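1. Everything below, folded, please.
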Amino acid sequence: MILASSRVIFRCAHPEEAELLAVREGMSLALQWVANPVIIETDCLSICRMLNCKGDNRSDLAMIAREVPELHGELREVDVRH
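-> Next up is the predicted model:
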């Protein structure tokens with residue numbers, strides 16, 4: 001199953017923030033509509049690395065980035081790919 005969403009983001013500091021918000025939205029949709037496994041694909045390598053990294057995140061996107069693994073904690077298999 002492929003899910004898609006569209007939304008206007010009124011306050012966004014840079015493109016990486018918009019991509020991370022889109023990933024978070026995708027995870028929310030996956031929780032509602034998709035059985036495991038879930039594959040999240042992004043064209044932003046830095047976001048992919050950020051979400052796959054197990055270390056501390058000290059970037060300005062850390063608060064949003066922490067929400068995504070909390071969502072995937074509810075799913076058994078999540079793969080974030082570039």
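
2. Name all residues that make contact with the nearest residue to Pro69 once chain neighbours are set aside.
-> Excluding the flanking residues, the one nearest Pro69 by CB to CB, 6 or more residues apart in numbering is Leu51, at 7.3 Å. C-beta: built from backbone N, CA, C; applies to glycine. Counting by CB atoms under 8 Å, 6 or more residues apart in numbering, Leu51 touches 23, 40, 65, 68-69, 80.

3. ok, and the most crowded of those residues?
-> Scoring the contacts of Leu51 on neighbours with other CB atoms under 10 Å, the highest-scoring entry is Val23 at 24 neighbours.

4. Looking at the contacts of Leu51, which is nearest Ala13?
-> The shortest approach to Ala13 among the contacts of Leu51 belongs to Ala65, at 13.8 Å (CB to CB).

5. Can you tell me the SS state at the residue lying farthest from the centre of the chain?
-> The centre of the chain is farthest from one residue, Phe10, which by CA atoms, centre = their mean lies 18.6 Å away. The three-state assignment at Phe10 reads coil, by DSSP: H, G, I helix; E, B strand; the rest coil.

6. hmm, back to that, can you name the two of the contacts of Leu51 that are farthest apart?
-> Ile40 and Ala65 (12.8 Å).

7. you'd agree the residue nearest to Pro69 is in a helix?
-> Yes. The assignment for Leu51 is a helix, going by three-state DSSP.

8. could I get the contacts of Leu51 as a markdown table with distance to Ser5 and pLDDT?
-> Below are the contacts of Leu51 laid out as a markdown table (distance: CB to CB, whole Å; pLDDT from 0 to 100):
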| residue | distance to Ser5 | pLDDT |
| --- | --- | --- |
| Val23 | 11 | 90 |
| Ile40 | 13 | 87 |
| Ala65 | 19 | 87 |
| Val68 | 15 | 81 |
| Pro69 | 20 | 76 |
| Val80 | 17 | 86 |
